[in-house]
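Participant: Show me the folded form of this:
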Amino acid sequence: MFKDVIGHQDIKQRLIASLQTGRISHAQLFAGATGYGSLALALALAQYVLCTGDKKEDACGECPSCKQMRKLIHPDLHFVFPVVRKAKSPVSDEYINEWRSLLSRTAYFNLEEWYAEMGIEDNAQAAIYTEESGNILRKLNLKSFESDYKIMIIWLPEKMNPECSNKLLKIIEEPYDKTLFLMVSEHPEQIINTIQSRTQRIHVPPLEQEEIKRQLMSEKGLQEEKAGEYAHIAAGDWHRALRLLNESEEQIYNQEKFISLMRLCWERKMLPVNEWVTEMAGAGRERQKNFLTHALRMIRENFVKNFGLQTLNYMTEREKNFSVKFSPYIHEGNVIPLCEEFERAYNDISRNGNAKIVLTDLCIKVMQNIRPS
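Facilitator: This next block holds a predicted model:
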């Protein structure tokens with residue numbers, strides 16, 4: 001329900017008004033990090049549309065449709081999401097129980113947590129495969145069971161392969177009557193332009209710091225001062241705020257690996273650097289990408305720290321402790337080249353580049369920029 005979605009009152013009102021006035025677009029693209037609430041908004045809209053009770057500013061929450069929505073088993077609501085190819089026809093239905101299990105716990109999760117829920121191997125790459133388009137067509141060909149509408153929520157449509165994208169495009173161009181496509185994307189620029197141009201984009205911005213603070217106090221019982229500190233570091237991302245409450249093993253791992261990388265590159269010790277690369281190369285692509293994302297953030301935070309404006313810094317205590325001595329080494333002379341190298345490594349890893357080669361090259365570039373000859 002909309003009341004369960006943190007913040008975004010203006011977006012909620014626009015979505016409700018679009019249905020009440022009969023001007024709801026058949027294809028909508030919620031663009032923003034899941035931690036901002038994009039998936040939560042899509043689910044709330046779906047429940048509002050399917051609700052058969054007395055709905056005004058929100059779904060009633062009591063009708064049979066709303067009760068089915070709570071269990072994510074409404075027959076007119078369908079899901080598509082990235083899966084791994086471990087069967088002849090890799091489609092979302094194979095993982096629907098895992099999907100419902102994760103979604104029933106929270107609508108604020110990332111791809112890494114979905115991987116963990118599926119129980120896939122580190123090096124596996126999830127995608128929305130060509131076979132999924134046939135599954136979509138089959139479901140939308142059916143008559144609606146209990147509602148006037150049929151709704152298809154597609155999580156991370158940027159993960160669709162080209163054949164699936166092109167087949168989906170045909171469905172969006174010639175939609176079935178009373179059919180809604182709600183796409184939830186973290187990287188909408190990666191979706192093919194022909195699909196982007198046929199959707200109504202809903203930009204989901206970061207949450208307000210005060211909204212996260214209030215939620216931490218009411219839902220998690222944090223004191224005002226601590227809630228304010230976490231809300232600031234979360235930088236508008238509720239998912240990140242939740243992870244800050246219980247610093248995850250991966251967060252600690254990423255920071256320790258970042259510290260060791262910077263120290264080894266400063267000392268220019270190639271043998272230990274090679275050992276670092278070998279360990280990281282065996283960690284799996286998603287963990288490598290998460291580390292590179294963490295490293296990019298740390299470079300940005302350490303550069304900003306030099307300006308002495310604490311309100312512009314978003315670091316945990318563990319990160320701040322390292323940055324006290326490290327931040328002077330990130331300056332206007334190397335911040336852009338360093339960011340470019342980490343971004344290039346991220347893109348290469350995403351395209352299935354050889355991790356050992358990519359990370360070795362990255363380390364050499366870091367050496368050249370962190371401590372020029």
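
Participant: Which element is encountered next along the chain beyond the helix or strand where Q288 lies?
Facilitator: According to DSSP states H and E, Q288 maps onto helix 285-305. For helix 285-305, the following helix or strand on the C-terminal side (DSSP H and E) is helix 317-326.

Participant: Pull the number of nearby residues for D10.
Facilitator: 9 (other C-beta atoms under 10 Å). The C-beta positions use only the backbone N, C-alpha and C, and glycine is treated the same way.

Participant: show me the contacts for it.
Facilitator: Listed by C-beta atoms under 8 Å, 6 or more residues apart in numbering, D10 has no contact partners.

Participant: and if you look at I299?
Facilitator: Going by C-beta under 8 Å, 6+ apart, I299 touches I330, V335, L338, C339, F342.

Participant: what does the model give it for pLDDT?
Facilitator: For I299, the pLDDT comes out at 95.

Participant: swap in R240?
Facilitator: R240 carries a pLDDT score of 87 in this model.

Participant: excluding its backbone neighbours, what's nearest it?
Facilitator: Among residues not flanking R240 along the chain, A234 sits closest, at 4.6 Å (C-beta to C-beta, 6 or more residues apart in numbering).

Participant: May I ask you to confirm that that neighbour is in contact with A241?
Facilitator: Yes - counting by C-beta atoms under 8 Å, A234 touches A241, with 3.7 Å between them.

Participant: Pass me the low-pLDDT residue ranges in this protein, would you?
Facilitator: Residue ranges of the chain with pLDDT under 70: 86-89, 121-123, 247-248, 373.

Participant: Quick one: the strands in it, in order.
Facilitator: Secondary structure of the chain, counting by DSSP state E: strands at 27-31, 77-80, 150-155, 179-185, 200-203.

Participant: Switch these over to a markdown table; also include mean neighbour count and distance to G37.
Facilitator: Listed next are the strands of the chain as a markdown table, based on neighbours: other C-beta atoms under 10 Å; distance: least, C-beta to C-beta, whole Å:
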| stretch | mean neighbour count | distance to G37 |
| --- | --- | --- |
| strand 27-31 | 23 | 9 |
| strand 77-80 | 22 | 18 |
| strand 150-155 | 24 | 14 |
| strand 179-185 | 24 | 10 |
| strand 200-203 | 16 | 11 |
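
Participant: can I get those in a markdown table with distance to L362?
Facilitator: Formatted as a markdown table, the strands of the chain follow (distance: least, C-beta to C-beta, whole Å):
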| stretch | distance to L362 |
| --- | --- |
| strand 27-31 | 29 |
| strand 77-80 | 34 |
| strand 150-155 | 30 |
| strand 179-185 | 28 |
| strand 200-203 | 32 |
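
Participant: one step back: which neighbours do A234 and A241 have in common?
Facilitator: The contact sets of A234 and A241 overlap at I212 (C-beta under 8 Å, 6+ apart).

Participant: When the two are compared, which one has more neighbours?
Facilitator: Set side by side, A234 and A241 show more neighbours around A241, with 27 against 23, by other C-beta under 10 Å.

Participant: In this structure the more buried one contacts A231, no?
Facilitator: Yes - if you go by C-beta under 8 Å, A241 and A231 touch, sitting 6.5 Å apart.

Participant: Give me the common contacts of the two.
Facilitator: In contact with both A241 and A231: I212, L216, using C-beta under 8 Å, 6+ apart.

Participant: Please list all residues in contact with K3.
Facilitator: With C-beta under 8 Å, 6+ apart, K3 has these contacts: D58.

Participant: try V83
Facilitator: P90, V91, S92, E94, Y95, M118, A126, A127, I128, Y129.

Participant: I'd guessed the third one sits against R100; true?
Facilitator: No - with contact defined as C-beta under 8 Å, S92 and R100 do not form a contacting pair (11.2 Å).

Participant: Could you check which of the two is surrounded by more residues?
Facilitator: Under the criterion of other C-beta under 10 Å, the comparison of S92 against R100 puts S92 first, with 20 against 14.
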